[in-house]
Structures are given as structure tokens and as C-alpha cells.
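*Asks:* Output the structure for:
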Amino acid sequence: MPDVPLSSVKIEDILRSEGYNIIVGVDEVGRGPLAGPVVACALILPRDHNICGIKDSKALSEKEREELASEIRKKALACVIAQTGNRQIDRLNIRRATLLTMKRAVMNLIKRLNTTPDIVLVDGKDSLSLPVECRAIVKGDMLSENIGAASIVAKVYRDNLMKRLDKRFPQYGFAIHKGYGTRSHYEAIKRFGVCEIHRRSFRLY
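*Replies:* Here you go, the predicted structure:
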């Protein structure tokens, strides 16, 4: 595939011109936090989905992400979420856990489709070991609408999960920082110690 500038031309347009029709995008969220799971979403958008504003989830406000995630899940031809918890992250390391989570999401999507996609697009530098062609796309959430949509759905899902976990562990402020290493989070760990959803393999102090 030729280099593609960060523009309105999406990778899907190029791939469809090359004969690829069933295009899966997969992305993850939650590599950096000190607590909680890493979450991945794999999905397929229809060609004429008419969803406006798909881009890197970090470039959107919380309200924008929530509205887009709802629309994406309604219009997607298939959408699957997978997650890997903090204990398995500690056993595997975060990189391996992230790749495993994305692979689980894609494999479960393939099972749900009951057919094999033409290609899987993965955000980042690492490809996945899959029974289908797979391409890693650096800045894929800006270049691919399927990856961008997956990043939004994954982010909203994980944020809502951390809000629910905040009710179990209110002393840490998970609803605010979503498990990331903010000053208030580090201070809470020093005061209360670690809880059962903290990643013990991460530097927590």
C-alpha cells in the first residue's frame, strides 16, 4: 500500500479500489493506566454509513465520543469488544496483553460474521497473527475510519467500566482519571494502598 497522507482520503477508499470489501478495523485503549483492563474493539462499518466526525477518540470530548459510539454501534455491520484484566496484564506484560486483546476481538468478530474478512487493519506498529491478511497502520485511528470508529467504541466502553468500578473503589477517583497515573491517583495509592484492579507490574509509587 502506498504512503497515505493524513487527509480526507481514507485507507478504506484505497483498499476498496484494490478489491477489498470486508474491512475490519481494530484498536485498543488502556495501555497506560495503572488500574483496570485493556479494552479492544473490532468492527466493520458499511461503505455508506454517513457517520460524521470519526477520528482519534482522544481528539473528541466525552460527550462527542458517547454520541458517536452509540451511532457507530447501531450502524456497524459487526462490532465486538474484548478485554484483558489487570491480573493477566501482570502475567503477560502490557504489550502482549494488548495484542492478545485485539486478537480476541477480531477472532470473536469473525465467529459472529461466520465468514472471513478480506483484511484486518490494526492501529499501531504491531500486526496480529490471524487467519486473514492483517496490516498495522501507524496513526491508523486518523487514516482509517474503521480503526477510528473502533477507538471511539473501545474508549467509551472502558470509560464507562471505570465509572462502574469507581463505585466499588471510590477512594481512588477512577470515574475522573479512568485509572491513569494522575497526581491524585498516585496520592490515593500512597494513602490507601493498591486495590484488586491495580496493575502490580506497573510502577505505582
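*Asks:* Please enumerate the helices of this protein.
*Replies:* Secondary structure of the chain (DSSP state H): helices located at 11-17, 62-75, 86-92, 94-113, 140-143, 145-168, 174-177, 183-192.
*Asks:* if you average pLDDT over the first one, what comes out?
*Replies:* Looking back up the chat, that one is helix 11-17. Averaging pLDDT along helix 11-17 yields 95.
*Asks:* Check which helices and strands it sits against.
*Replies:* Packing contacts for helix 11-17, counted by 3 or more Cβ pairs under 8 Å, 6 or more residues apart in numbering; DSSP states H and E, involve strand 23-29. Glycine gets a C-beta too; all of them are placed from N, C-alpha and C.
*Asks:* got the contact list for the strand it packs on?
*Replies:* Residues outside strand 23-29 that contact it (Cβ atoms under 8 Å, 6 or more residues apart in numbering): 12, 15-16, 38-45, 57, 98, 101-102, 105-106, 109, 117-123, 128, 140-141, 144-151, 154-155, 158.
*Asks:* So in the protein, where's the weakest helix or strand by average pLDDT?
*Replies:* helix 140-143 (a mean of 92; mean pLDDT, DSSP states H and E).
*Asks:* Look up the pLDDT of Val138 for me, please.
*Replies:* 94.
*Asks:* do you know how far it is from Ile14?
*Replies:* As for Val138, its distance to Ile14 is 16 Å (criterion: Cβ to Cβ, to the nearest Å).
*Asks:* neighbour-wise, which of the two wins?
*Replies:* A direct count of neighbours by other Cβ atoms under 10 Å for Val138 and Ile14 places Ile14 higher, at 14 against 9.
*Asks:* quick one: Lys178 and Pro37 touch, right?
*Replies:* No - counting by Cβ atoms under 8 Å, Lys178 stays clear of Pro37, with 11.2 Å between them.
*Asks:* Look up the closest residue to the residue nearest the centre of the chain, ignoring the ones flanking it.
*Replies:* By Cα atoms, centre = their mean, the mean C-alpha position of the chain lies nearest to Glu28, the distance being 2.4 Å. Counting by Cβ to Cβ, 6 or more residues apart in numbering, Ala40 is the residue found nearest to Glu28 once chain neighbours are left out, at 4.3 Å.
*Asks:* Alright, I will stop here.
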